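In: Need the 3D shape of this:
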Amino acid sequence: MDEKADNCKLWKLLIDKNMKKGKLREAIGASKSTFAKLGKNENVTLPVLLEICEYLNCDFGDIMEALPDKVNKECE
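Out: All right, here's what the predicted structure looks like:
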């Protein structure tokens, strides 16, 4: 079974922390294109995810989840 990463948890965490995406991007030194990929639930490198987790003091499960490829979930 194929799975894809869903980053809705990251955006919800940023809302809870009252933080803008741009601030996080600048803080970890990621490019705009990397954050565009995150916004589209496309693949990003592990070091980027590690930087996000370190900056937000969280774990992978707090910013993303794996969903079966057939599930088309929208951020709520």
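In: Which strands or helices does the longest helix anywhere in the chain pack on?
Out: For the chain, the helix with the greatest residue count under DSSP state H is helix 46-56. Helix 46-56 sits against helix 21-28, helix 60-63, with contacts defined as 3 or more C-beta pairs under 8 Å, 6 or more residues apart in numbering; DSSP states H and E. In this view, the C-beta of every residue, glycine as well, is placed from N, C-alpha and C.
In: Just put those helices in JSON lines and tack on mean neighbour count, mean pLDDT and distance to residue 44.
Out: Listed next are the helices and strands packed on helix 46-56 as JSON lines, based on neighbours: other C-beta atoms under 10 Å; pLDDT from 0 to 100; distance: least, C-beta to C-beta, whole Å:
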{"stretch": "helix 21-28", "mean neighbour count": "14", "mean pLDDT": "97", "distance to residue 44": "11"}
{"stretch": "helix 60-63", "mean neighbour count": "15", "mean pLDDT": "94", "distance to residue 44": "11"}
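In: Now do the buried residues in the longest helix of the chain.
Out: When burial is assessed from 16 or more other C-beta atoms under 10 Å, helix 46-56 yields the following buried residues: 48, 49, 51, 52, 53, 56.
In: what does stretch 27-42 give?
Out: By neighbour count on 16+ other C-beta under 10 Å, the buried set for stretch 27-42 is 28, 30, 34, 35, 37, 38, 41.
In: I'd like to know which of the residues you listed is nearest to residue 67.
Out: Each of those was scored against residue 67 by C-beta to C-beta, and residue 41 proved nearest at 9.0 Å.
In: Contact partners for the closest one?
Out: Going by C-beta atoms under 8 Å, 6 or more residues apart in numbering, residue 41 touches 4, 5, 6, 7.
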